[in-house]
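S.K.: what shape does this take:
(2 chains)
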Amino acid sequence: MSEFLHYFESSRRLTAVLLPFRLEDMIREWSGLRSVMARTCPKSFTREEWGYLLHFLSEENLIRPFEQSFGRRVKKSKRPVTALLRPRGPVAIWLPNNVSLLGPLTAILMSLGGNALCIKTGSHSHDLTVPFLDFCRARLKKGVLADYLTRQVAADHFDHEDPRNSRMSQEAQLRIAFGSDQAVLAVHALPHPLHSTGVSFSDRQSQAWVEPKALTEAMLVDLIKVFAVYGQAGCTSPQKVILLGGDRRKALALRDALVKVWPKVIRRDPPLDAASENLMVYQWATMMGWEAALAPRQGAVFAVGHFSSPPFQGRMALPIIPATLEEARLRLPPTIQTLGYAVSNPRNSRWLKLLGTTVVKRFVPIARMHHFGPVWDGWDFWREGFENVEVSVGSR
Amino acid sequence: MSDLLKFDPFSRRQDEELLSELNDLTRHHLAGCAEYARLWPGWRAAESIEDLPFLHVGLFKRLALKTEAAGILHQRTLTSSSTTGTAPSQVVLDDCSSALQSKSVHAIHQAWLGGPARPLLILDETNALRQRGLVSARLAAALSLQPLASETHFILEDVHRPGSVRWELVCEVLNRNPWVMLYGPTWGLWQSWVDQKAPPEAAALLRTKRIDYVHSGGWKKLEEIKVDRRQFDSKLLEKASADSSVIDYYGLSEQVGLLFPLCDQGRRHAPVWSEVIVRDIYTLLPVIGQPGLLQFLNPLAWGAPYHSILTEDLGKRLPGDCPCGRPGRHFELLGRVPRADIRGCANV
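M.R.: Okay, the predicted model is just below:
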């Protein structure tokens, strides 16, 4: 197999990255799939999921992990190389059981590092990874990507007791495990090479923090869009909206505005079971003392309450809680991942100070809550696909 | 507490009487159940049955609702068999409602099964009776046949072993009686009665006896093994004498006291003291001739607000009288609302 050196320059260093393909070929071929993808949507995917994948495959997005990790791509530099990164070796990925885009997205990102991938998909429900890989393999012309996907990527579904789990772990230099705490613990307890690395993406939840003065219609649209994709089933979906400095009256106004804007943003009806569940959740929340409202055609439930209100749960139910910033900070769940914000001045250093005293992993505008990237949940996991060789080319 | 129970269960009804009873019952629950009252603040008496408030059936898996009032003595809790991965429903029973519900069920059984008192064989184990304070919906359905029974026998050694039919006991009962009732959950009846080979002497004896098979519980598992109603019935009937019958009841644990028997035209019949409404799932408007969510109402529930329940079952209300000749409300049961996969990465 041929190997190619690629150079990236930051203000302090020049990094060489060795890949088994020309990066520009790989990126161009991934990106070239977009025109084919734009003409169809396989039945396993919702339109939103397919649209997100299509966006994810843009050339700018695919070069971003390299630029974020190593600096600007350069052909030449007067500086000496101080680090060489080479693919670490086989990567094993355990995906969650729900239907999720995490599989296709992780596969795309990790493919850029050139390591062989072995993916275990969820065993309880339909999967998006295998249909996506099949779609790509069937439509790609001969080239580095088709060759890579055919020879280097394997995806299959089996349960947690299957001996293939052990084999995957034993052969992998990098283990990436998505799932419940228990499932992730079980993956890392499998026998694995001494110097291999494990990355854990276990149970997480996210919140949207908004200030009343930042409540524009555009913000409401963003909030509905990020929530509607997976509702409470998305680890980066807002599990709650915290109305910072707001009161009950303002929270009710936000609830009513969301109900009003919902049909402008979400034009399809929910599945029958979701519509029925939403009605039940609306009644449940109301009976528990929440001030709940249903979006038209039972699309979602928005409910105003307090941190101390009795809990209720629903896949498409979004609690809205007015609170002070301090209350919101103190009530963050230990599993918090993303804070999506709509605040008047996100650059204010008070946010950095606040983040520094919490376990929040991401602080992003609401519209970017679901944006998956090479750094995730506090892990620079994509970079873990490379081994770092220190290089010093001085005379002594 | 319901004047409607004096009527023939499958006759014509004056809606005003039912509406009046249901309005009274709604007022009673608003006064005695705080959670229910939170949901319908400022409620005024409905002018039609369709305008009466309803609760979604799923609430009974999440809340143990109770209505407190003078003369209401809460007793045991009825628990449903839960669908995989979900909590069972819990319906708090009370003495006043139980009396009405018993009358209702007895009248429905009388109208559908009739005949002299005869032995009741129940495809369950005796241990089913030994849970203090709780009663399963399956057991309640079986025991509702007791008023028609001359004697009752549990004929499984172990409910988890479908092949553990106590054939000696069955033969002993059959030897003494020409006509028996046999109750089992639909899937249980298939597993323990159709799918098991009876000992030769029991099989021979069965073929000479009249058996009224009564079952309830749904077809999901039978659909999975591609068994349809015709096959199910004929497999049961070929084991007994020619005058035997199969009766399929549909009911919900959240509608205790109501059974909706299936007629030979494939329609379910509602007793005169109940109402069936089909609602469009997205608008909640009542529809006729189109599929939608089934809602059931009855005036028999005083201890908790389960008198008007919107289910997760799909059905179709059909106009006019049923071709089977029975007057009154009838509907087609179309099955559970299909469940979509959960999409997303979180554990929910």
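S.K.: C-alpha only now, for contacts and for neighbours.
M.R.: Noted.
S.K.: grab the nearest non-local neighbour of the one residue in the stretch 1-150 of chain B that gets nearest to chain A.
M.R.: In the stretch 1-150 of chain B, the residue that lies nearest chain A is B:Glu35 (4.6 Å; CA to the nearest CA). Distances taken as CA to CA, 6 or more residues apart in numbering or on different chains put A:Met287 closest to B:Glu35, at 4.6 Å, once the chain neighbours are dropped.
S.K.: could you list every residue that touches that neighbour?
M.R.: B:35-36, B:38-39 (CA atoms under 8 Å, 6 or more residues apart in numbering or on different chains).
S.K.: could you save the residues you listed as CSV and add columns showing secondary structure, pLDDT and neighbour count?
M.R.: Formatted as CSV, the contacts of A:Met287 follow (DSSP: H, G, I helix; E, B strand; the rest coil; pLDDT from 0 to 100; neighbours: other CA atoms under 10 Å in any protein chain shown):
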residue, secondary structure, pLDDT, neighbour count
B:Glu35, helix, 97, 22
B:Tyr36, helix, 98, 26
B:Arg38, helix, 97, 17
B:Leu39, helix, 97, 23
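S.K.: and the furthest pair within those residues?
M.R.: With distances taken as CA to CA, the most widely separated pair in the contacts of A:Met287 is B:Glu35 and B:Leu39, at 6.8 Å.
S.K.: what does chain A put close to chain B?
M.R.: A:96-102, A:125-126, A:179-180, A:203-205, A:230, A:232-235, A:269, A:271-273, A:275-277, A:279-280, A:283-284, A:286-289, A:297-298, A:315 (CA under 8 Å from any CA of the partner chain).
S.K.: drop anything exposed from these.
M.R.: By neighbour count, with 16 or more other CA atoms under 10 Å in any protein chain shown, these hold A:96-102, A:125-126, A:179-180, A:203-205, A:230, A:232-235, A:271-272, A:275-277, A:279-280, A:283-284, A:286-289, A:297-298, A:315 as buried.
S.K.: filter the residues you listed down to the ones in strands?
M.R.: Those of these mapping onto strands are A:Gln205, per DSSP state E.
S.K.: out of the buried ones among the residues of chain A next to chain B, which sit inside helices?
M.R.: In this view, those that belong to helices under DSSP state H are A:102, A:230, A:272, A:275-277, A:279-280, A:283-284, A:286-287.
S.K.: how about those residues in TSV, adding pLDDT?
M.R.: Shown next, in TSV, are these (pLDDT from 0 to 100):
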residue	pLDDT
A:Leu102	90
A:Tyr230	88
A:Leu272	96
A:Ala275	97
A:Ser276	97
A:Glu277	97
A:Leu279	98
A:Met280	98
A:Gln283	98
A:Trp284	98
A:Thr286	98
A:Met287	98
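S.K.: any chance of JSON lines for those residues, columns distance to A:His55?
M.R.: Shown next, in JSON lines, are those (distance: CA to CA, whole Å):
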{"residue": "A:Leu102", "distance to A:His55": "15"}
{"residue": "A:Tyr230", "distance to A:His55": "18"}
{"residue": "A:Leu272", "distance to A:His55": "29"}
{"residue": "A:Ala275", "distance to A:His55": "29"}
{"residue": "A:Ser276", "distance to A:His55": "32"}
{"residue": "A:Glu277", "distance to A:His55": "31"}
{"residue": "A:Leu279", "distance to A:His55": "34"}
{"residue": "A:Met280", "distance to A:His55": "35"}
{"residue": "A:Gln283", "distance to A:His55": "38"}
{"residue": "A:Trp284", "distance to A:His55": "38"}
{"residue": "A:Thr286", "distance to A:His55": "39"}
{"residue": "A:Met287", "distance to A:His55": "42"}
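S.K.: any idea which of those residues is closest to A:Arg12?
M.R.: A:Leu102 (33.4 Å).
S.K.: so that closest one sits against A:Leu95, correct?
M.R.: Yes. A:Leu102 sits in contact with A:Leu95 when judged by CA atoms under 8 Å, with a separation of 7.4 Å.
S.K.: state the distance from the residue most central in space within chain B to chain A.
M.R.: The residue lying closest to the centre of chain B (CA atoms, centre = their mean) is B:Gly251, at 2.1 Å. Noted for B:Gly251: a distance of 19 Å to chain A, by CA to the nearest CA, to the nearest Å.
S.K.: now that residue, nearest residue through space, not along the chain?
M.R.: Spatial nearest neighbour of B:Gly251, excluding adjacent residues (CA to CA, 6+ apart): B:Leu259 at 5.0 Å.
S.K.: in this structure that neighbour contacts B:Ile108, no?
M.R.: Yes. B:Leu259 lies in contact with B:Ile108 (CA under 8 Å); the separation is 7.1 Å.
S.K.: contacting residues around A:Trp379?
M.R.: A:Val199.
S.K.: identify the bridge partners of A:Gln205.
M.R.: With DSSP bridges as the criterion, A:Gln205 is bridged to A:Ile336.
S.K.: next one: A:Leu85
M.R.: According to DSSP bridges, beta-bridge pairing links A:Leu85 with A:Val17, A:Asn388.
S.K.: now it: how far from A:Arg72?
M.R.: In this view, A:Leu85 and A:Arg72 are 15 Å apart by CA to CA, to the nearest Å.
S.K.: who has more neighbours, those two?
M.R.: Between A:Leu85 and A:Arg72, counted using other CA atoms under 10 Å in any protein chain shown, the more crowded position is A:Leu85 (21 against 17).
S.K.: I figured the more buried one hits A:Tyr7, correct?
M.R.: No. Applying CA under 8 Å, one finds A:Leu85 not in contact with A:Tyr7, separated by 10.2 Å.
S.K.: okay, and the common contacts of those two?
M.R.: A:15-17.
S.K.: just the buried ones from those residues, in ChimeraX syntax?
M.R.: Per 16+ other CA under 10 Å, the buried members of those correspond to this ChimeraX selection:
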select /A:15,16,17
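S.K.: which of the shared contacts of A:Leu85 and A:Tyr7 lies closest to chain B?
M.R.: A:Val17 (31.7 Å).
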